[in-house]
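Trainee: Can you look at this prediction? I've put the sequence above it.
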Amino acid sequence: MKIKISAAERIFDVFNVLFMLFMIVICLYPFIYVLFGSFSDAKELMKVTGILLSPQGFSTKGYQEVFANKDIYTGFANSIFYIVVGTSLSIFVGCLFAFTLSRPYLKYKGWIMKFILVTMFFGGGLIPTFLVVKSIGLYGSRWALVFLSMLSTYNVIVLKSAFDSVPNEIEESAHIDGAGSWKVLWSLIVPLSKAAIAVQVLFYAVGIWNQWFNPMIYLTDRSKYPLQLILREILIDNVSNMGDGAGTEDKVGYDDVLKYATVIVTITPILCVYPFLQKYFVKGVMIGAVKG
Amino acid sequence: MIATKQKNDKTVVNDRARALRKKDGFSREFSKYKWVYFMALPGIIYYLVFCYAPMFGVLIGFQDFKYASGITNSDWVGLKHIFKFIFQSKGTAINYSVINPDFVRTVGNTVVISFMNLIIGFPAPIILALLLNEIKSSGYKRVVQTITYIPHFISTVIICGMISRFSMKAGLFNAVLGWFGFPAENLLLKPEAFKWIYVLSDLWQQIGWNSIIYLAALSGIDPTLYEAASIDGAGKFRQVFTVTLPAIIPTIVTLFIMRLGSMISVGSDKVLLLYNDMTMETADVISTYVYRKSFYEGTNYSYSTAIGLFNSLVNICFLTAGNAISRKVAETSLW
């Protein structure tokens, strides 16, 4: 069947393609601008007020400064700790929990489901949570961060849906072969839900990597700060000296280069793993959408 | 230990058929499936400690909570703190005829920012998804998707760091605004600009990511529907309204109701990172006010808890009302 394409449709198609090109530019250009800025010479950069199409001059001074900053290293190390420990725990506990929730033969799983759904809409809020953390002695401890973001209801539901889609006969036959629930979960259901778990790892890890509010509230010791808190000190300066013309011109320009370099250094790890995980996104979001 | 567990699970399966016939109480169910229930225990403990205990903790919003006395021994004061938030007060006396300027500022800003976010941020991903759906080259489509998702994964701190650089007089935003004839100035020091910076940067960060779910819904549409529509003489544009949109309406409605649950709430993260003394009047929202009142300007835990509670009650009202309306009108609802 041949469908005639009208002129209006053709014009629309052209505009649509151009619009998407515009979207690409909008989403990427800020990062490219920062990249150019980070390799620029501070004095040259100061002279430019428009958009950047290439680095102004060339200098790696910003990067030298970033890599000379010890805080960045400890921040990185701490963030890695929070991600590795936090994500492993989240996945481990999440899998156990989702397993129970997805067993069709359990009579009370509906109640457990309601029990967690409630928390999507009701919450204690900042202070009551803070007081709980304080009263169980986690205030100032790394474990406060690890435990606080251990499970997210949304992620649990996504995982439960993934486990739901594993045919129940697999569990039955495994039981007949003498495997216990523990074994059924870890050697049958989890391997069969690899894609969903990959998405979970991604969501939890990105969530932990990006958090700064909880660390700010619950950590007291600078040596435990994750990278985001260090970044906050570097990137978000005291607003009072953010007014234009404050400080010497020289310093302001140099400041820019340093900040741009910091941004590039810290987003690079995410951008490096991003392409490998990208194919799982749609799947992960879709599983959540269907049952969520 | 493993042996006993396995034995137990074997009986689980063997007893299944019998369990279906004989439906009886708690103890039987638990003794039969105790290992399966046991596996949920760490998760349940997490929810009890970090979600339910704080819910119980909102009671301090009705107390003059003192850390030393704890929740059991602090004095109960009823709705005092909520009134203190809404009305002007001097010491302990509350003047019920004057509204607290803090209330007007924080609630006003929260409502306006939420609303702008809803009006701009809710339809945009739908439009993007609809337009992406019309892109014929699947390679190009994938490239656009990949790139528009990136901002979602960049942390708030970095986004705000970039915003604060770009907002400066010689920054990127001013360069672009200059094309349209706006004079260059530091945008973060400009009270009128704050809400726009907040909402538009949110749009930029989330538009691609939020479109995924609609694209997923769009990809599930049966292609024969389009064929049937075109045989009936519907052009491409007609098809968008007769086939495409109706197919994703349930998704739109569901997401809209979910959104209503956070109708009057603006997260503190971005505001805390971007506001300053100059923009306080237009930027301060309920959550940042709560934060300041508890950690920055004294430690009035009861007062800030009461405000937080007030805020979530308003949100729950929106959610419930939205759900009820949509159940009637669109026959889609969350519960």
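Mentor: Great, that's in hand.
Trainee: Now do the strands in the stretch 1-150 of chain A.
Mentor: In the stretch 1-150 of chain A, no strands are found when defined by DSSP state E, counting those that start in this stretch.
Trainee: quick one: low-confidence parts of it?
Mentor: Scanning the stretch 1-150 of chain A for pLDDT under 70 picks out A:1-5.
Trainee: Just want the residue of it that's nearest chain B.
Mentor: A:G124 (2.4 Å; Cβ to the nearest Cβ). For glycine as for every other residue, the C-beta is placed from the backbone atoms N, C-alpha and C.
Trainee: what helix or strand does the spatially closest residue to that residue that is not a sequence neighbour sit in?
Mentor: Once flanking residues are discounted, A:G124 sits nearest to B:P54: 2.4 Å by Cβ to Cβ, 6 or more residues apart in numbering or on different chains. According to DSSP states H and E, B:P54 maps onto helix B:53-57.
Trainee: Just give me the longest helix of chain B.
Mentor: helix B:301-329 (DSSP state H).
Trainee: Do it and chain A come into contact?
Mentor: Yes. Against chain A, helix B:301-329 shows contacts by Cβ under 8 Å from any Cβ of the partner chain at B:301, B:304-305, B:308-309, B:311-312, B:316, B:319.
Trainee: Distance to A:Y29, neighbour count and pLDDT for the residues you listed - can I get that in a markdown table?
Mentor: Compiled in a markdown table, the residues of helix B:301-329 next to chain A are given as follows (distance: Cβ to Cβ, whole Å; neighbours: other Cβ atoms under 10 Å in any protein chain shown; pLDDT from 0 to 100):
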| residue | distance to A:Y29 | neighbour count | pLDDT |
| --- | --- | --- | --- |
| B:Y301 | 45 | 26 | 89 |
| B:S304 | 40 | 29 | 90 |
| B:T305 | 43 | 30 | 92 |
| B:G308 | 38 | 25 | 89 |
| B:L309 | 43 | 21 | 90 |
| B:N311 | 37 | 23 | 88 |
| B:S312 | 38 | 21 | 86 |
| B:I316 | 41 | 15 | 87 |
| B:L319 | 37 | 19 | 85 |
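Trainee: now those in JSON lines, with distance to B:S333?
Mentor: Shown next, in JSON lines, are the residues of helix B:301-329 next to chain A (distance: Cβ to Cβ, whole Å):
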{"residue": "B:Y301", "distance to B:S333": "37"}
{"residue": "B:S304", "distance to B:S333": "33"}
{"residue": "B:T305", "distance to B:S333": "31"}
{"residue": "B:G308", "distance to B:S333": "27"}
{"residue": "B:L309", "distance to B:S333": "26"}
{"residue": "B:N311", "distance to B:S333": "24"}
{"residue": "B:S312", "distance to B:S333": "21"}
{"residue": "B:I316", "distance to B:S333": "15"}
{"residue": "B:L319", "distance to B:S333": "11"}
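Trainee: out of the residues you listed, who's nearest A:I236?
Mentor: B:S304 (23.1 Å; Cβ to Cβ).
Trainee: where are the low-confidence patches of chain B?
Mentor: Where chain B drops to pLDDT under 70, the residues are B:1-24.
Trainee: hmm, 80 instead?
Mentor: B:1-27, B:29-30, B:90-92, B:236, B:258, B:261-265, B:298-299, B:330-335 (pLDDT under 80).
Trainee: quick one: the residue in it that chain A sits nearest to from A:F36, how far?
Mentor: When scored by Cβ to the nearest Cβ, chain B has B:P54 as its residue closest to chain A, at 2.4 Å. Plainly put, B:P54 is 46 Å away from A:F36 if you go by Cβ to Cβ, to the nearest Å.
Trainee: Quick check on these two: which one has the bigger neighbour count.
Mentor: Ranked by neighbour count (other Cβ atoms under 10 Å in any protein chain shown), B:P54 and A:F36 place B:P54 first, with 23 against 18.
Trainee: is it true that that one touches A:V132?
Mentor: Yes. Shown here, B:P54 and A:V132 form a contact pair, counting by Cβ atoms under 8 Å, at 5.3 Å.
Trainee: Kindly tell me how buried A:E233 is, as a neighbour count.
Mentor: 14.
Trainee: Please name the residues that touch it.
Mentor: A:E233 sits next to A:D71 when contact means Cβ atoms under 8 Å, 6 or more residues apart in numbering or on different chains.
Trainee: what pLDDT does it get?
Mentor: As predicted, A:E233 sits at a pLDDT of 88.
Trainee: Please compute how far whichever strand or helix holds it lies from its chain's middle.
Mentor: Taking DSSP H and E as the definition, one finds A:E233 inside helix A:227-235. Distance of helix A:227-235 from the chain centroid (Cα atoms, centre = their mean, to the nearest Å) equals 16 Å.
Trainee: for stretch A:70-84, same thing?
Mentor: 15 Å.
Trainee: Pull out the buried positions in that stretch.
Mentor: A:71-72, A:74-76, A:78-79, A:81-83 (16 or more other Cβ atoms under 10 Å in any protein chain shown).
Trainee: what does stretch A:140-153 give?
Mentor: For stretch A:140-153, by 16+ other Cβ under 10 Å, it's A:141-142, A:144-153.
Trainee: now those in CSV, with distance to B:V176?
Mentor: Shown next, in CSV, are the buried residues of stretch A:140-153 (distance: Cβ to Cβ, whole Å):
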residue, distance to B:V176
A:S141, 45
A:R142, 42
A:A144, 42
A:L145, 38
A:V146, 42
A:F147, 44
A:L148, 39
A:S149, 36
A:M150, 42
A:L151, 42
A:S152, 36
A:T153, 40
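Trainee: Output those residues in JSON lines; the columns should cover distance to chain B.
Mentor: Below are these laid out as JSON lines (distance: Cβ to the nearest Cβ, whole Å):
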{"residue": "A:S141", "distance to chain B": "14"}
{"residue": "A:R142", "distance to chain B": "16"}
{"residue": "A:A144", "distance to chain B": "10"}
{"residue": "A:L145", "distance to chain B": "12"}
{"residue": "A:V146", "distance to chain B": "11"}
{"residue": "A:F147", "distance to chain B": "7"}
{"residue": "A:L148", "distance to chain B": "6"}
{"residue": "A:S149", "distance to chain B": "9"}
{"residue": "A:M150", "distance to chain B": "5"}
{"residue": "A:L151", "distance to chain B": "5"}
{"residue": "A:S152", "distance to chain B": "11"}
{"residue": "A:T153", "distance to chain B": "9"}
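Trainee: Sort out which of the residues you listed are in helices and list them.
Mentor: Counted as lying in helices by DSSP H, out of the buried residues of stretch A:140-153, are A:142, A:144-148, A:153.
Trainee: circling back: thinking the residue of the stretch 1-150 of chain A closest to chain B is in contact with B:I60, fair?
Mentor: No. Taking contacts as Cβ under 8 Å, A:G124 lies outside contact range of B:I60: 9.8 Å.
Trainee: So what's the residue count around A:G94?
Mentor: Neighbourhood size, A:G94 [other Cβ under 10 Å]: 25.
Trainee: Report the contact partners of it.
Mentor: A:G94 neighbours (Cβ under 8 Å, 6+ apart): A:151, A:155-156, A:159, A:200, B:43.
Trainee: Top of those by number of neighbours, please.
Mentor: A:L159 (28 neighbours).
Trainee: Give me the pLDDT value at it.
Mentor: On the pLDDT scale, A:L159 is placed at 90.
Trainee: residues in contact with it?
Mentor: A:L159 touches A:94-95, A:98, A:193, A:196-197, A:200, counting by Cβ under 8 Å, 6+ apart.
Trainee: Confirm A:H175 sits in a helix?
Mentor: Yes. Using DSSP: H, G, I helix; E, B strand; the rest coil, the assignment for A:H175 is a helix.
Trainee: Just confirm it contacts A:V184, I think it does.
Mentor: Yes. A:H175 is within contact range of A:V184, at 7.1 Å (criterion: Cβ under 8 Å).
Trainee: returning to what we had before: I'd like the buried residues of stretch A:70-84 as a markdown table, with distance to A:V206 appended.
Mentor: Shown next, in a markdown table, are the buried residues of stretch A:70-84 (distance: Cβ to Cβ, whole Å):
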| residue | distance to A:V206 |
| --- | --- |
| A:D71 | 22 |
| A:I72 | 20 |
| A:T74 | 21 |
| A:G75 | 17 |
| A:F76 | 16 |
| A:N78 | 16 |
| A:S79 | 12 |
| A:F81 | 16 |
| A:Y82 | 12 |
| A:I83 | 9 |
